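Engineer: any chance you could fold what I've pasted below:
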Amino acid sequence: MTIRIWKFHVESAEESLRLDQLISLRTGLSRRKARAVLQMGGVQVARKRVRVAGRTLAAGSEVLVAHDDALGAPADRAIPVLFEDDWLLVVDKPAGMASQGTQASDQHDLTALLLRQRPGQVLALQHRLDQGTSGVLVIAKHPSAHLGSQFQARTIGKTYLARVSRPLEPVSVDLPIGRVRGSQPARYGCSGDLEEPRPARTGFRPATAEECAGLVAGFWVVAEPHSGRTHQIRVHLAHLGNPVLGDSFYHGEKSDQLWLHAWKLELEHPVTGARLALVAPPTRFLAPAGQP
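Structural biologist: Predicted structure coming up:
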């Protein structure tokens, strides 16, 4: 994925220009490409997406344009459902798909895909997974099913499976995480010049033989985050000098995928009160047939 981002303010001499003309002038994109970026949701004015190519803007307006030249047509694929009732929809998010809209598009993400497949249904994402991460993702179908209070109270049990490059002993990392100041795209860390670092704790242990049976051979780690910071598992493993395999963003060993999976989630049903144990089998990590 190659994303180019432009951010600028409209000058007084540009107030009469159509938005597609303005974007072309400021970015060097063709008018046709500018209109395509608008339709994909890749243009924000004052931090709100706009799509009207003929719109004009007042001087001083802040414009952000994001173009990903790797985006094709929006995906249309079956998404595995792990649990569903009148209030909740729990799915197994595919790796490589954003949970919600990115700067470059609000049509290529999982939420947009589900809304196209379920027209008229209200769907509210309750948490997020990184684009390269697969696994359990919970969506509310009704306002009474929101899980914000449980996430804030940290009563939801989260278990991830990650593959790393070398053995890792059981360890708990209790270090705050914040955005690295000035990083673009946003990078996070637990040391250095950080913006608004917040407490974060993650427990790590080697996966048992039973837990990684059938998976590609390697060093597998079970991670249990006790907070919900952006990139938390990836940042804490990088801090330990043993980043997730394929996580080039945090200096992980090169691979064709990010070896991180949201394996299990335990929560109290927000309406019925039943305890739900949700599991997404790590099928994308299974060893090919015939391999040990």
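Engineer: roughly how far apart are residue 77 and residue 224?
Structural biologist: 30 Å (C-beta to C-beta, to the nearest Å). For every residue, glycine as well, the C-beta is placed using N, CA and C.
Engineer: which of the two has more neighbours?
Structural biologist: Each of residue 77 and residue 224 has its neighbours counted (other C-beta atoms under 10 Å); residue 224 has more, 16 against 8.
Engineer: burial count for the spatially closest residue to the more buried one that is not a sequence neighbour?
Structural biologist: Excluding its sequence neighbours, the residue lying closest to residue 224 (C-beta to C-beta, 6 or more residues apart in numbering) is residue 203, at 4.5 Å. Number of residues near residue 203 (other C-beta under 10 Å) recorded here: 16.
Engineer: now do residue 207
Structural biologist: So residue 207, with other C-beta under 10 Å, has 20 neighbours.
Engineer: got a list of what it touches?
Structural biologist: Each residue near residue 207 by C-beta atoms under 8 Å, 6 or more residues apart in numbering is listed here: 161, 220, 221, 222.
Engineer: repeat that with 6 Å
Structural biologist: Residues in contact with residue 207 (C-beta atoms under 6 Å, 6 or more residues apart in numbering) are 220, 222.
Engineer: equivalent analysis for the one 5 residues further on, please.
Structural biologist: Neighbour list for residue 212: residue 220 [criterion: C-beta under 6 Å, 6+ apart].
Engineer: separation between it and residue 243?
Structural biologist: 19 Å.
Engineer: quick one on the thing from earlier: what does the helix or strand where the residue nearest to residue 224 lies rub up against?
Structural biologist: Element membership for residue 203, per DSSP states H and E: strand 201-206. Under the criterion C-beta under 6 Å, 6+ apart, residues 168, 170-174, 221-227, 233, 236 lie in contact with strand 201-206.
Engineer: how about the residues you listed, which pair is most distant?
Structural biologist: 168 and 227 (19.7 Å; C-beta to C-beta).
Engineer: compare these two and say which is more crowded by neighbours.
Structural biologist: Neighbour totals were compared for residue 168 and residue 227, and residue 168 leads with 20 against 16 (other C-beta under 10 Å).
Engineer: so which strand or helix has the more buried one?
Structural biologist: Using DSSP H and E, residue 168 falls within no helix or strand.
Engineer: SS state for residue 39?
Structural biologist: helix (DSSP: H, G, I helix; E, B strand; the rest coil).
Engineer: what's the distance between the residue nearest to it when sequence neighbours are not counted and residue 141?
Structural biologist: Nearest residue to residue 39 in three dimensions, chain neighbours excluded: residue 51, at 6.0 Å (C-beta to C-beta, 6+ apart). The spacing between residue 51 and residue 141, counted by C-beta to C-beta, is 27 Å.
Engineer: for residue 86, same thing?
Structural biologist: Computed as C-beta to C-beta, the residue 86 to residue 141 distance reads 7 Å.
Engineer: what of residue 34?
Structural biologist: Taken as C-beta to C-beta, the span from residue 34 to residue 141 is 37 Å.
Engineer: beta-bridge partners for residue 267, please?
Structural biologist: Beta-bridge partners recorded for residue 267 (DSSP bridges): residue 276.
Engineer: please apply the same query to residue 67.
Structural biologist: residue 4.
Engineer: hang on, it packs against residue 37?
Structural biologist: Yes: with contact defined as C-beta atoms under 6 Å, residue 67 counts as touching residue 37 (5.2 Å).
Engineer: run a quick neighbour tally on the residue lying closest to residue 277 once chain neighbours are set aside.
Structural biologist: Ranked by C-beta to C-beta, 6+ apart and with sequence neighbours excluded, the top spatial neighbour of residue 277 is residue 266, at 5.3 Å. By other C-beta under 10 Å, 15 other residues sit near residue 266.
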